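**Q** Could you work out the structure for the sequence below:
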Amino acid sequence: MIGTVYIQNLNIQCIVGILPHERIQEQTLLLDIEVDYDFEKARKNEQINNAVDYTKIAKSVENLLVSKKYQLIETAVEDIGDLLFEKWPKLKRCSIQIKKPSAIENADFAAVKIVRKKI
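**A** Model (predicted):
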């Protein structure tokens with residue numbers, strides 16, 4: 001049975017952006033991540049190795065964003081999609097949204113989003 005694991009508003013502090021001040025001052029990114037996979041093995045034996053550990057997803061995504069110091073969130077969101085399918089081959093689909101609260105003065109945030117399905 002295919003199910004979805006969600007992480008909502010994962011708060012990551014990192015260098016991101018193209019403006020000079022963005023290249024030296026960390027800012028907040030908020031990420032919404034969804035991953036679909038077959039829950040059946042995890043259901044049968046309740047072992048984390050048969051599930052997708054959302055704490056590991058969060059840490060892997062944070063490590064990527066902090067280490068890469070992206071200029072564009074479009075590049076970051078694509079790389080996160082690649083990372084998820086590479087590290088968790090059992091995934092069937094992922095949806096990743098990156099929100100940048102400081103991007104536009106009169107808006108809650110600017111954002112990018114991708115949805116990928118395993119072929």
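
**Q** Spit out the contact partners of residue 28.
**A** Applying CB atoms under 8 Å, 6 or more residues apart in numbering, we find residue 28 in contact with 11-13, 101-102. From N, CA and C alone the C-beta is placed, and that goes for glycine too.

**Q** Just the buried ones among those residues, please.
**A** With neighbours counted using 16 or more other CB atoms under 10 Å, the contacts of residue 28 contain these buried positions: residue 12.

**Q** Pull the residues that contact the helix or strand bottoming out on mean pLDDT in the chain.
**A** Of all helical and strand segments in the chain, the minimum by mean pLDDT, DSSP states H and E falls on helix 40-45, at a mean of 95. For helix 40-45, the surrounding residues in contact (CB under 8 Å, 6+ apart) are 1, 47-48, 50-51.

**Q** which pair in those residues spans the largest distance?
**A** Greatest spacing in the contacts of helix 40-45, by CB to CB: 1 and 48 (17.8 Å).

**Q** So those two - more neighbours on which side?
**A** The residue with more neighbours, out of residue 1 and residue 48 and counting by other CB atoms under 10 Å, is residue 48; that gives 10 against 6.

**Q** quick one, what contacts that one?
**A** If you count contacts by CB under 8 Å, 6+ apart, residue 48 has them with residue 42.

**Q** For residue 64, which residues are in contact?
**A** Applying CB under 8 Å, 6+ apart, we find residue 64 in contact with 76, 79-80, 83.

**Q** how far does stretch 7-25 sit from the chain's center?
**A** Its chain's C-alpha centre and that of stretch 7-25 lie 14 Å apart, by CA atoms, centre = their mean, to the nearest Å.

**Q** Revised request: answer the last question for stretch 55-63.
**A** Put simply, stretch 55-63 sits 8 Å off its chain's centre (CA atoms, centre = their mean).

**Q** what about that stretch, average pLDDT?
**A** Averaged across stretch 55-63, pLDDT comes to 98.

**Q** same question, stretch 95-106
**A** This predicted structure assigns stretch 95-106 an average pLDDT of 96.

**Q** can you list the residues that contact it?
**A** Here stretch 95-106 has contacts from 9, 16-17, 27-34, 73, 76-77, 80-81, 84, 108-116, using CB under 8 Å, 6+ apart.
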